[in-house]
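**Q** Using only what follows, build the 3D model:
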Amino acid sequence: MNFRYKNINVQKECEDKRYSTRKFSKDIYNGVQEILTLLYVYDNMEKLSVTFGNTYNVHPLKGKRQGEWAISINKQYRLIFKPLNIDGEIENIREMREIVSIQIEGVSKHYE
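**A** Next up, the predicted model:
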């Protein structure tokens, strides 16, 4: 699956071990790294979700975050993303099998 980051700060949250460990924890950094590896391997979100079931709990968000999706890192943190269309533009996609490219919005606590 293709992915990009919303901005350089989000990229640091996800890829910079020192930065991420200070901001969150070593466990969160390791969880994000595991998810990023899976994103490289799977060509759509449905395959990732079916393979790992409740481990990562891929789901669309509601309310003010409608149009965004989340992948659980643990019970407290999640990786937020928006689906992208073939042209790399953000698109409101409702089916996991259609999500083949994403923009990572950040790491956040649930209910933030």
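
**Q** who's in contact with the nearest residue to residue 76 once chain neighbours are set aside?
**A** Spatial nearest neighbour of residue 76, excluding adjacent residues (CB to CB, 6 or more residues apart in numbering): residue 109 at 5.8 Å. For the C-beta atoms, the positions are set from N, CA and C on the backbone; glycine is no exception. Counting by CB atoms under 8 Å, 6 or more residues apart in numbering, residue 109 touches 76, 77, 78.

**Q** Please tell me I have it right and the last one contacts residue 111.
**A** No - using CB atoms under 8 Å, residue 78 is not in contact with residue 111, being 9.9 Å away.

**Q** How far away from the center of its chain is the helix or strand bottoming out on mean pLDDT in the chain?
**A** The weakest-scoring helix or strand in the chain, judged by mean pLDDT, DSSP states H and E, is helix 45-52 (a mean of 79). The chain centre lies 13 Å from the centre of helix 45-52; the measure is CA atoms, centre = their mean, to the nearest Å.

**Q** And for stretch 21-37?
**A** With CA atoms, centre = their mean as the basis, stretch 21-37 stands 12 Å off its chain's centre.

**Q** Over to stretch 79-90?
**A** Distance, stretch centre to chain centre, for stretch 79-90: 11 Å (CA atoms, centre = their mean).

**Q** Also stretch 35-46?
**A** That offset, for stretch 35-46, works out to 10 Å (CA atoms, centre = their mean).

**Q** Can you give me the pLDDT of residue 53?
**A** Residue 53 is assigned 66 on the pLDDT scale.

**Q** where do the strands sit along the chain?
**A** With DSSP state E as the criterion, the chain has strands at 2-5, 59-60, 69-72, 77-83, 101-109.

**Q** Fine by me, thanks again.
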